[in-house]
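Student: Let me see the structure of the following:
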Amino acid sequence: MFRFGQESKGNIRQEIKQLTPANTRKSKSSVWKQFTNFCAEKSYDFDRADIHVEELALILEDYGFSMRKKNSEDYKESVIKVLWNSTAKQLQEYFFERYNRKFNPFSDIEFVNARAAKNAKRRKLQMDPTKRKASSSALSADDPANRTTF
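Tutor: Next up, the predicted model:
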């Protein structure tokens, strides 16, 4: 008899997975499906052990600026942030679990342009009253403070 038990990693992970709310699992699944469909449509092959972080950053950069609804309409600006952040986190987890590779899309220098592309898309959408949150104030393209520089 062991004091602390002998649960396998698989059993522990299964228990954790079961405790994750169903809507969280569905949301993550939906975001991941959208990202993989984007990669397939753009012919990006990200699922390789030998892929460079810079290449992943370029994919996230394109995704951050190009993501749209199925009907080709733009998302609201707040949705862009949530989708990009969720995708980046899932990509980070995917590469760690599958290939034991570590990177951080939220702070690594290789992803600076990917984060900037997401922010540029959000700024562009904030200028459209139908695409910004009700609590956001309107941005003007003429205001130099609203221009994104790289």
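Student: tally of neighbours for N23?
Tutor: Counted with other CB atoms under 10 Å, residues neighbouring N23 total 8. Just so you know, the C-beta spots here come from the backbone N, C-alpha and C atoms, and that holds for glycine as well.
Student: Within the helices and strands, which one has it?
Tutor: N23 belongs to helix 22-41 when assigned by DSSP states H and E.
Student: For I109, see how far away D50 is.
Tutor: Distance of D50 to I109, computed by CB to CB, to the nearest Å: 21 Å.
Student: ugh, typo on my part, it should be A57
Tutor: The spacing between A57 and I109, counted by CB to CB, is 9 Å.
Student: which residues touch the residue nearest in space to the middle of the chain?
Tutor: Centroid check for the chain by CA atoms, centre = their mean gives T87 as the closest residue, at 2.4 Å. T87 is in contact with 31-32, 34-35, 60, 63, counting by CB atoms under 8 Å, 6 or more residues apart in numbering.
Student: cutoff 6 Å now
Tutor: T87 makes contact with 31, 35, according to CB atoms under 6 Å, 6 or more residues apart in numbering.
Student: Over to V79?
Tutor: Here V79 is in contact with no residue (CB under 6 Å, 6+ apart).
Student: measure it to T130 for me?
Tutor: Using CB to CB, V79 is found at 13 Å from T130.
Student: how close does the residue nearest to the centre of the chain sit to V31?
Tutor: Distance of T87 to V31, computed by CB to CB: 6 Å.
Student: cool, and A22?
Tutor: Between A22 and V31 the computed distance is 15 Å (CB to CB).
Student: For those two, work out which one has more neighbours and name it.
Tutor: More neighbours surround V31 than the other of A22 and V31, with 18 against 7 (other CB under 10 Å).
Student: so which strand or helix has the closest residue to the more buried one other than its chain neighbours?
Tutor: Spatially, and ignoring its direct neighbours in sequence, V31 is nearest to S86 (4.6 Å; CB to CB, 6 or more residues apart in numbering). If you go by DSSP H and E, S86 is part of helix 77-99.
Student: What of K118?
Tutor: Per DSSP H and E, K118 falls inside helix 112-126.
Student: roughly how far is that helix from the heart of the chain?
Tutor: Offset of helix 112-126 from its chain centre (CA atoms, centre = their mean, to the nearest Å): 13 Å.
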